[in-house]
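Q: Turn this into a structure:
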Amino acid sequence: MSGIVLSASVRQNLLSLQSTADLLATTQNRLSTGKSVNSALDNPTNFFTAQSLDNRASDINNLLDGIANGVQVLQAANTGLTSLQKLIDSAKSIANQALQTTVGYSTKSNVSTTISGATAADLRGTTSFASATASSNVLYNGTAGGTTAATGTTTLGATIGSFASTGATAGNGTTALDGTITLIATNGTTATGLAGNAQPADGDTLTVNGKTITFRSGSAPASTAVASGSGVSGNLVTDGNGNTTVYLGTAGAPAANVNDLLTAIDLASGVKTVSITAGAATIATSVGQTASSAAGGAVTLKSSTGADLSVTGKADLLKALALTTSTGAGNATVTANRTTSAASLGATIADGSTLNVDGHVITFKNAPVPGSTGAPSVPSGFGASGNVVTDGNGNSTVYLQAGTVNDVLKAIDFATGVQTFTLNGSGGGTLATAVGQAPSTINTSGQLKISTGVNADLSITGTGNALNVFGLAGNTGNATAFSAARTSGIGGIAGKTLTFSSFNGGTAVNVTFGDGTNGTVKTLDQLNTKLQANNLSATIDANGLLTITASNDYASSTLGSTTAGGAIGGTLTSALTFSTASNPVQDGVAQTARANLVSQYNNILNQIDTTSQDSSFNGVNLLNGDQLKLVFDETGKSSLNITGVTYNSKGLGLASLTVGVDFIDNAAANRVLTNLNAASSTLRSEASSLGSNLSVVQIRQDFNKNLINVLQTGSSNLTLADTNVEAANSQALSTRQSIAVSALSLANTSQQSVLQLLR
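A: Okay, the predicted model is just below:
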């Protein structure tokens, strides 16, 4: 064959056909396998990299079965926990039945004693009381130096205060200011009246000692037209309580004058009083008071003896009366303060102050006592005694203008019941001292000697400055109450103490019997509140038999026993004889029922044990102490160790109950419930832990599946062929092969033509 010579064109065509055939074979192989790299010869790097990825994916895939088994182990344990929780709930139901069933004892341990006259509302029993005497701080009168003791006749009111103007003339004329000058002037310059800018306008007001004086234009209404309870007198309408309306008239016909204004001020300050009948007001100066006046160009304001004077109003109006140097439409204030003397207390009491004595109210009022000369009559349903008006039930008003220390002591005695005042229906009454008691007095050193009375221990509080004025605010002057106890007689347990040592772990009791205040005990409810913390309760019958009994929780315990405690003591035990503590007496029917509940409870514990043992999967039981290890990667470095627990009845802290020991009383049932609640909490905690581990395992299971897909995809990306490209290549190579065959044929044809020439 070596002798055969091929032309260059034929040889070239043959080589082309061989190359095309090789490429076509490669393309057809890729199309048939779907891979562009089928061996290391195709692409060593891609081939071995893909093989490594496939190997890792295979290793991880082999771990998925173990992970899936781990999931089932965890789910089996979780199923067991759910069942155990239901069994615990059933056990709780049984324990609660024990609490709800009849107490296992027909009689509980108790001690008792009889307190004569005791009731549920007052355990102290029949008690006699004697009035005691309480002393105030020293009261001084107004003598210079402030060291002279007050007496019973020392007055509450003080010397009248005055404020005199320096004199002035009317602003619209030359007439010297006096009471007849009108508050508004007529047109012109010769008419008398206040200066134009000083004249009060409709709606202007003055405030006097908290009362209101209102100016109105026009004429005062008729008595038939005033509001109910009010009365008219000249140019004034007053409500009887110190509030007055002054009718100014008009510029053409002025009405109210300076005297009218001064009368309104005196009504507000208590210097004057008013009596109202059918809309008509009769005004008079109170006894011992001096009316305000205007004469000789000067205005003089007077306080009452019962209160200092304070007048606040438009500055221009007060300046026109020469009472201030201030000017303008703004307010100015004028005062007239009282002064104390040897006849009065060294401290003046404020109008409206009160004393609250044993729940009764004594009010101090700046006015003359009703029924006195010039004062209104005593109201219906009240009676006057000296300068005190009382309702006969202990509530009184002491009138300051003429009232004395003795009047205050009398009002206190009315409140405590030391003295009584029986009303006669005509504003008077009969004064009497209660049998066996002495009225309150003031001693020579100036101390009030207040009788407490026998109705209640003395308690005095106050408003305003009443407590301070009468020396009842303590040495510091800051106390808010004054109190004193009555003297207790023989026969009650007031002040006696009853004690019980700690009973079954309760709080030791220390009970002092009293009026129910300051921690003392008066009622049965208060006693039971004290005893409850020591697992005890009390009852009292109609004969005063006080019985103290163990509570239902500890019905099986004996009071005062070595094991239970609750020993009785205190000063009450020396005053009264208590019975010996009795032993509890079992109720047979109730104890049988409780014994049946013990049996049911123990059956539940057996079910807990078997359920715990059965909570396994594939030989692994996380509720029986087994351990589960899961491997998540091919190297074994990523893993999870789950340590099991032993959750049979003992592992949950639950023990079998004993008939006659457990469930015999509520305390025993409560102890079981406490253990069950702890077991329930333990199960919930473990369920949470298992749930967390299961979540981790499932997350890793999903992660491995996704990772396998990633690895396999990466491997495929390195080796898979693009079928579209390879198909196109195949088509192109087939065409190329056909063309090469044709070319080879042409090359052979040219050689044959040469041979034809040689024939």
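
Q: what's the nearest residue to residue 110 if we skip its chain neighbours?
A: Sequence neighbours aside, residue 549 is the residue nearest to residue 110 in space, at 4.1 Å (criterion: Cβ to Cβ, 6 or more residues apart in numbering). Bear in mind the C-beta positions are built from the backbone N, C-alpha and C, glycine included.

Q: Neighbours of the one you found, how many?
A: Using other Cβ atoms under 10 Å, residue 549 has 20 neighbouring residues.

Q: Same check on residue 280?
A: For residue 280, the neighbour count with other Cβ under 10 Å is 14.

Q: which one is it nearest to, not counting chain neighbours?
A: That would be residue 223: by Cβ to Cβ, 6+ apart, it lies 4.6 Å from residue 280.

Q: Check residue 427 too.
A: residue 378 (3.3 Å).

Q: was I right about that neighbour contacting residue 389?
A: Yes: counting by Cβ atoms under 8 Å, residue 378 sits close enough to residue 389 to count as a contact (6.2 Å).

Q: Is the closest residue to residue 285 other than its chain neighbours part of a helix or strand, or is it coil?
A: Distances taken as Cβ to Cβ, 6+ apart place residue 291 nearest to residue 285, at 4.9 Å, with adjacent residues excluded. Classification of residue 291 using DSSP: H, G, I helix; E, B strand; the rest coil returns coil.

Q: contacting residues around residue 230?
A: 237, 238, 239, 240, 276, 279, 281 (Cβ atoms under 8 Å, 6 or more residues apart in numbering).

Q: ugh, wrong one, residue 699
A: By Cβ under 8 Å, 6+ apart, residue 699 lies in contact with nothing.

Q: looking at this, it is in a strand?
A: No: counting by three-state DSSP, residue 699 is not part of a strand but helix.

Q: For the residue nearest to residue 427, give me the pLDDT.
A: With respect to pLDDT, residue 378 scores 92.

Q: how many neighbours does it have?
A: By the measure other Cβ under 10 Å, the count of residues near residue 378 is 19.

Q: tell me the secondary structure for it?
A: Per three-state DSSP, residue 378 ends up coil.

Q: which ones are touching it?
A: By Cβ under 8 Å, 6+ apart, residue 378 lies in contact with 370, 371, 384, 389, 427, 428.

Q: so of those residues, which ones are in strands?
A: When DSSP state E is applied, the contacts of residue 378 are split such that 384, 389 fall in strands.

Q: Can you select the buried ones among the contacts of residue 378 for me in PyMOL?
A: To isolate the buried members of these in PyMOL, using 16 or more other Cβ atoms under 10 Å:
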select buried, resi 370+371+384+389+427
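
Q: Make JSON lines out of the contacts of residue 378 and add distance to residue 516 and pLDDT.
A: Shown next, in JSON lines, are the contacts of residue 378 (distance: Cβ to Cβ, whole Å; pLDDT from 0 to 100):
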{"residue": "370", "distance to residue 516": "39", "pLDDT": "92"}
{"residue": "371", "distance to residue 516": "41", "pLDDT": "87"}
{"residue": "384", "distance to residue 516": "37", "pLDDT": "94"}
{"residue": "389", "distance to residue 516": "33", "pLDDT": "96"}
{"residue": "427", "distance to residue 516": "39", "pLDDT": "88"}
{"residue": "428", "distance to residue 516": "39", "pLDDT": "89"}
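
Q: wait, which of the contacts of residue 378 is closest to residue 622?
A: residue 389 (89.7 Å; Cβ to Cβ).

Q: if I read this right, that closest one contacts residue 382, doesn't it?
A: Yes: if you go by Cβ under 8 Å, residue 389 and residue 382 touch, sitting 5.2 Å apart.

Q: ends of stretch 380-396, how far apart?
A: 14 Å (Cα to Cα, to the nearest Å).

Q: Buried residues, it. List them.
A: 382-391, 394-396.

Q: What is the nearest of those residues to residue 581?
A: residue 394 (46.9 Å).

Q: all strands of the stretch 401-550 of the chain, in order?
A: 419-423, 429-433, 441-442, 447-451, 458-463, 482-484, 487-488, 497-500, 509-512, 536-540, 545-550 (DSSP state E, counting those that start in this stretch).

Q: Compare those strands and give me the one nearest residue 633.
A: Here strand 545-550 is closest among the strands of the stretch 401-550 of the chain (Cβ to Cβ), at 66.3 Å.

Q: now the closest one against strand 536-540, angle please.
A: If you take axes from the mean of the first three to the mean of the last three Cα atoms, to 10 degrees, strand 545-550 sits at 160 degrees to strand 536-540.

Q: ok now strand 545-550, how far from the chain's centre?
A: For strand 545-550, the separation from the chain centroid amounts to 36 Å (computed by Cα atoms, centre = their mean, to the nearest Å).

Q: hang on, the earlier thing: how about JSON lines for the strands of the stretch 401-550 of the chain, with mean pLDDT and distance to residue 651 added?
A: Shown next, in JSON lines, are these (pLDDT from 0 to 100; distance: least, Cβ to Cβ, whole Å):
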{"stretch": "strand 419-423", "mean pLDDT": "93", "distance to residue 651": "79"}
{"stretch": "strand 429-433", "mean pLDDT": "92", "distance to residue 651": "82"}
{"stretch": "strand 441-442", "mean pLDDT": "96", "distance to residue 651": "82"}
{"stretch": "strand 447-451", "mean pLDDT": "95", "distance to residue 651": "74"}
{"stretch": "strand 458-463", "mean pLDDT": "93", "distance to residue 651": "64"}
{"stretch": "strand 482-484", "mean pLDDT": "90", "distance to residue 651": "63"}
{"stretch": "strand 487-488", "mean pLDDT": "70", "distance to residue 651": "63"}
{"stretch": "strand 497-500", "mean pLDDT": "90", "distance to residue 651": "40"}
{"stretch": "strand 509-512", "mean pLDDT": "91", "distance to residue 651": "41"}
{"stretch": "strand 536-540", "mean pLDDT": "91", "distance to residue 651": "38"}
{"stretch": "strand 545-550", "mean pLDDT": "90", "distance to residue 651": "35"}
